[in-house]
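Asks: Turn this into a structure:
(chains A and B)
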Amino acid sequence: MGSPAQQSQPAGPRGGRPAAGREVRGRLPWMLVVPALAGLAFLVLPLAGLLIRAPWPTLLERLAEPHVLEALRLSLVCATIATVACLLLGVPLAWLLARVEFPGRRVVRALVTVPLVLPPVVGGVALLLVLGRRGLVGQWLEAAFGVTLPFTSAGVIVAEAFVAMPFLVISVEGALRGADQRFEEAAATLGASRWTVFRRVTLPMVMPGVVAGAVLCWARALGEFGATITFAGNFPGTTRTMPLAVYLALETEPEAAIVLSLVLLAVSVVILASLRDRWVNSP
Amino acid sequence: MTLRAHLVVVRPAFTLDLAMEVAPGEVVALLGPNGAGKTTALRALAGLTPLTGGHITLDGGAVHGLATEQRPIGMVFQDYLLFPHLSALDNVAFGPRCQGASKTEARRTAATLLERVGLAGQAAAKPRHLSGGQAQRVALARALAVRPRLLLLDEPLAALDAHTRLEVRSQLRRHLTDFDGATVLVTHDPLDAMVLADRLVVIENGAIVQQGAPAAVARRPRTDYVAHLVGLNLYRGQADDRRVKVGELLLSTSEPLRGPAFVAFPPAALALYRTRPDGSPRNLWQARIEGIERHGDNVRVHLDGPITAFADITPAALAELDLMPGQQVWASVKATETHAYPA
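Replies: Prediction:
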């Protein structure tokens, strides 16, 4: 067996020296290259199709239509509120999972990720069973506070938060696990209580992870469809978010669906770009 | 501010059990090889590692029941652990803020301390822009800012390069002299320990093997580890007047002694000969050269034989004697160069 150092510099053809500055690796295996290119095309072509078929001349006009703006505004507002709710609940949950030893922690961690793999429609049904008018908690919410969630904008937020929170929790928990806990010990030797440690040391140090998680969470909430339509319905102005509007428009007015899709695509690209440049690559 | 502690930490493959007392203003160095339990002891004093048994008291008050943040301690970590998102000033102000000082007050305290360690100009700098020596001083200022009664230093100079180390060591020495509480310092560097500490506590395998003033420990090592640290050949044997029997070898010494005894002598006191010498040294034995290595300006020869020993000779002598590993030589040491003391 040759050492790795020997293997990485094989002799060139007929014992000659390999071309300077270039590794000689042999031919690329077509068994990998062909499916790779097919996969790439599969991912990129539909997006290209969206751009090609877009009704560019009437684009601005269509965007300015009241029902489009309404859906966009509703989507942005609901996704943002859902993200804030996820931050308020998800960051402490991530902290609990990353920093506190308790029995059944692994089970809890698995439970947190269930909405991630659960079909969103099933999530919507589950939400209806619990928070619906006749639901386990919903019944009581209506009796005690007169609050009903299904088929309201609040219901949209609940559905989006339910589906999107795991993204935030997983991202923040990962950041917490990656953070050097000895900084927290150093803070404790300086007299900081656990709350102060969290607020003044832990949180600032995992901030990139929190922001990345929040952006993912927001993007997921923005695109939420299944749980929203099941739990909150499809009422213009109150629960018809962009994805719902796209689906509806597709049946009546395909060009409008393309325009709405383009808006969502643009938002996704902006998010991805900002995430990459500002957080993913930064130390 | 006297610290009295009996630290017991039991782990599956390791037990730490040591009792120590540190007077106000005194600096005690915990010295020992890697894995001896030095850092565990320090973390136990800080409350970062729970005690399995024993106690910690400061001025008679029990501390071992308190959480880390409630203990009147200040700690300097090996790699300082300055908060990367805070400026040097805010790092130092962190402790006073936690103790309830207002932001302005805490910053004023911090500014005073930074000035004391000579870093007034770096107050606004983030830790990543500080040099190793500067970071060490900020870490010290941060630990002192909480007005601790017990100061804990974990390998405070280990992360510094040789040149900075010399400078920071003498500064640290000065700050420790000014500090009126008890100080416990962990190090594996004998020089740091000798310069900084009033007393050495040597631990091996979780227990104290020797303690005393640095000079006394250096003069009378009691374990191979300590002898190696202070650069002495050390043997344990049976003394009978001015002779100590070490294994098969009878060593003549200058001090009269009886019973179990240690004999120590510096490697430079050993003389090597290619043929049997004829002269005054009483202690003469035949040895085999195991290895030869550079040692400062000299050459250190590892000898095996009736006793294993290090001999330091000059490169000129090495060339002249034409010594090689595996060769047989005669080794001798004058009785007056040896030091014998009770075991």
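
Asks: For whichever strand in chain B runs longest, which residues meet the burial criterion?
Replies: Longest strand in chain B, counting residues (DSSP state E): strand B:249-265. Residues of strand B:249-265 classed as buried by neighbour count (16 or more other CB atoms under 10 Å in any protein chain shown): B:251-253, B:255, B:257, B:261-265. C-beta: built from backbone N, CA, C; applies to glycine.

Asks: how near is the closest residue to residue B:230 other than its chain neighbours to residue B:202?
Replies: Distances taken as CB to CB, 6 or more residues apart in numbering or on different chains put residue B:218 closest to residue B:230, at 4.4 Å, once the chain neighbours are dropped. Relative to residue B:202, residue B:218 is positioned 11 Å away (criterion: CB to CB, to the nearest Å).

Asks: Give me the more crowded residue out of these two.
Replies: Neighbour totals were compared for residue B:218 and residue B:202, and residue B:202 leads with 26 against 19 (other CB atoms under 10 Å in any protein chain shown).

Asks: Could you tell me whether residue B:208 really is in a helix?
Replies: No: Residue B:208: not assigned to a helix; according to DSSP: H, G, I helix; E, B strand; the rest coil it is strand.

Asks: can you pull the contacts of it?
Replies: For residue B:208, the contact set (CB atoms under 8 Å, 6 or more residues apart in numbering or on different chains) comprises B:18-20, B:201-202.

Asks: Narrow those residues to those that are buried.
Replies: Listed as buried from the contacts of residue B:208 are B:18, B:20, B:201-202; burial here means 16+ other CB under 10 Å.

Asks: can these go into JSON lines with extra columns for distance to chain A?
Replies: Below are these laid out as JSON lines (distance: CB to the nearest CB, whole Å):
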{"residue": "B:18", "distance to chain A": "21"}
{"residue": "B:20", "distance to chain A": "19"}
{"residue": "B:201", "distance to chain A": "21"}
{"residue": "B:202", "distance to chain A": "25"}
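
Asks: Looking at these, which are in helices?
Replies: Counting by DSSP state H, these place none of their members in helices.

Asks: Of all pairs in these, which one is the farthest apart?
Replies: Largest separation among the buried ones among the contacts of residue B:208 by CB to CB: B:20 and B:202, giving 11.8 Å.

Asks: Mind giving me the packing neighbours of the helix or strand containing residue B:16?
Replies: Mapping residue B:16 onto the secondary structure by DSSP states H and E places it in strand B:14-22. Contacts defined by 3 or more CB pairs under 8 Å, 6 or more residues apart in numbering or on different chains; DSSP states H and E place strand B:14-22 against strand B:3-11, helix B:38-46, strand B:182-187, strand B:199-204, strand B:207-212.

Asks: Just give the strands next to the last one in its sheet, each with its orientation.
Replies: Same thing as strand B:207-212. Strands that pair with strand B:207-212, judged by DSSP bridges, come out as strand B:199-204 (antiparallel).

Asks: Could you quantify the relative orientation of the partner strand and helix B:38-46 as an angle?
Replies: With axes from the mean of the first three to the mean of the last three CA atoms, to 10 degrees defining the directions, strand B:199-204 sits at 120 degrees from helix B:38-46.

Asks: by contact count, what packs against the host helix or strand of residue A:260?
Replies: Here residue A:260 sits within helix A:254-275, counting by DSSP H and E. Here helix A:254-275 touches helix A:30-53, helix A:59-63, helix A:66-99, helix A:203-222, helix A:242-252, going by 3+ CB pairs under 8 Å, 6+ apart.

Asks: picking up where we left off before, can you give me the offset of the longest strand of chain B from its chain's centre?
Replies: Centroid separation between strand B:249-265 and its chain, computed with CA atoms, centre = their mean, to the nearest Å, is 27 Å.

Asks: List the contacts of residue 47.
Replies: With no chain named, the answer covers chain A. residue A:265.

Asks: my bad, the chain I had in mind was chain B
Replies: A:188, B:63-64, B:66-68, B:71, B:73 are the contacts of residue B:47 under CB under 8 Å, 6+ apart.

Asks: Which among those residues count as buried?
Replies: A:188, B:63-64, B:68, B:71, B:73.

Asks: Now do the contacts for the spatially most central residue of chain A.
Replies: The centre of chain A sits closest to residue A:216, judged by CA atoms, centre = their mean, with a distance of 3.1 Å. Shown in contact with residue A:216 (CB under 8 Å, 6+ apart): A:164, A:167-168, A:171, A:275.

Asks: what does the stretch 1-150 of chain B have sitting close to chain A?
Replies: B:46-48, B:67-71, B:73-75, B:77, B:81, B:83-85, B:94-95, B:98-99, B:142-143, B:145-146 (CB under 8 Å from any CB of the partner chain).

Asks: Return the backbone torsion pair for residue B:238.
Replies: Note on residue B:238: backbone dihedrals following degrees, to the nearest 10 are phi -110, psi 120.

Asks: What residues are bridge-paired with the residue nearest to it when sequence neighbours are not counted?
Replies: Of all residues not flanking residue B:238 in the chain, residue B:245 sits nearest, at 4.9 Å (CB to CB, 6+ apart). Residue B:245 has these beta-bridge partners by DSSP bridges: residue B:238, residue B:250.
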